[in-house]
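# What follows is a protein structure lacking sequence information:
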């Protein structure tokens, strides 16, 4: 496997050009990272990935809910619930600087079968069984 970074930034949000480069480079799959620009252009990215017929995995569930193939990432709702304990501690007098930094503890794996069918990617039953949620 070889990574082919696609250079897209707020100063140059040329996703069509980036996907053209990925197609020209014969990309086999697509992976997003977490910069804000990716979330801001979520629907455009999902549409371009589908048109490119690339299997893709995203970092958050919103991409899959918008038609992307699959996501694996921290359960944001769980993280917000856990953040409430920090608010409680601070309101009770704890200094924010004294509180430990916590990593997410709950992750979720979501698969969109409609997207899989659209790009012709079969999802093995064992993978479906491991999903926290399957969108049909």
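It's in. Please read all numbers here as calculations on a predicted model, not as lab measurements. Numbering: from 1, shown residues only.
# contacts for whichever helix in the chain runs longest?
Using DSSP state H, we find that the single longest helix of the chain is helix 76-91. By C-beta atoms under 8 Å, 6 or more residues apart in numbering, the residues outside helix 76-91 that reach it are 60-61, 96, 99, 102, 104-106. The C-beta positions use only the backbone N, C-alpha and C, and glycine is treated the same way.
# Quick check: buried residues in that helix?
Within helix 76-91, no residue counts as buried by 16 or more other C-beta atoms under 10 Å.
# Repeat that for stretch 99-118.
Neighbour-count burial for stretch 99-118, counted by 16+ other C-beta under 10 Å, picks out 108-113, 115-116.
# end to end, how far does it reach?
One end of stretch 99-118 to the other measures 47 Å (C-alpha to C-alpha, to the nearest Å).
# where does the residue located most distally from the centre of the chain land in three-state SS?
Computed with C-alpha atoms, centre = their mean, the residue of the chain farthest from its C-alpha average is residue 93, at 36.1 Å. Recorded secondary structure, residue 93: coil (DSSP: H, G, I helix; E, B strand; the rest coil).
# about what we covered before: between the buried residues of stretch 99-118, which sits nearest residue 46?
residue 115 (8.4 Å; C-beta to C-beta).
# wait, isn't that closest one in contact with residue 66?
No. Assessed by C-beta atoms under 8 Å, residue 115 is found out of contact with residue 66, at 9.6 Å.
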